[in-house]
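Student: Attaching a predicted model along with its sequence, questions to come.
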Amino acid sequence: MQRAKSYIVKLANGVDPLSDTELPEDTALNNIQLSRCFFYVAEVLERVIQNGGEVITCAEDKAKFEMTEEQKARVSISPEPLGINDFAKRINAAVNTKIMTGVSGVKINDWLVAQGYLTEITAHDRKMRVASPKGTAAGIATIDVATSDGRNFKKNVYSPEMQRFIVEHINQVNTVVSTAAQAAD
């Protein structure tokens, strides 16, 4: 790949990659449009080289998120209550997100709202999701958190039992249309 990139860069600069001599002005290989294409291909090759030779798939080409039982078993359950975004990272670490879309904390929370474990409230002119009685009983706690700049907000944390429950049902998460998408309709 390095050699291919080197040849392409030489062509882009109007140099014969085999003899290291300048290409004649009247050759098609010295055309400005081709030169730009060569620079683009060289840039793509550089990205592939930086990825260890692996071609990264575009998001549109990725498979829909779905976990096998083996992948579910690899999810690291925290012994301490954990925020949803941190937990989503643990779930995504158990799958190959280069070929499959990952799952987000928002999608998990959308599913938990649809299942009745979280409820949406408005406080201080902000919509937020908090544990419902069903969610509290299942292991979701809504806690008050203060940032370093003094702002306060509510954060849901998920017990080890609730983390396991989410993993067990993770393939159902993508079946729920997000509330943001519903609001846009």
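Tutor: Nice, thanks for sending it over. Bear in mind that the values here come from a model prediction, so they are computed numbers and not experimental data.
Student: For the residue most central in space within the chain, give me its contacts.
Tutor: With distances taken as Cα atoms, centre = their mean, Gly102 lies nearest the centre of the chain, 5.1 Å away. Gly102 is in contact with Phe65, Ala88, Ile91, Asn92, Val95, counting by Cβ atoms under 8 Å, 6 or more residues apart in numbering. Where you see a C-beta, it was placed from the backbone N, CA and C, and this is true even at glycine.
Student: So which of those are in helices?
Tutor: Of the contacts of Gly102, the ones assigned to helices by DSSP state H are Ala88, Ile91, Asn92.
Student: Verify the stated contact: the second one with His169.
Tutor: No: the pair Ile91 and His169 does not pass the contact test of Cβ atoms under 8 Å, sitting 11.6 Å apart.
Student: With neighbour numbers in mind, choose between these two.
Tutor: The residue with more neighbours, out of Ile91 and His169, is Ile91; 25 against 14, by other Cβ atoms under 10 Å.
Student: And the residue nearest to the centre of the chain, which helix or strand is it part of?
Tutor: Using DSSP states H and E, Gly102 falls within no helix or strand.
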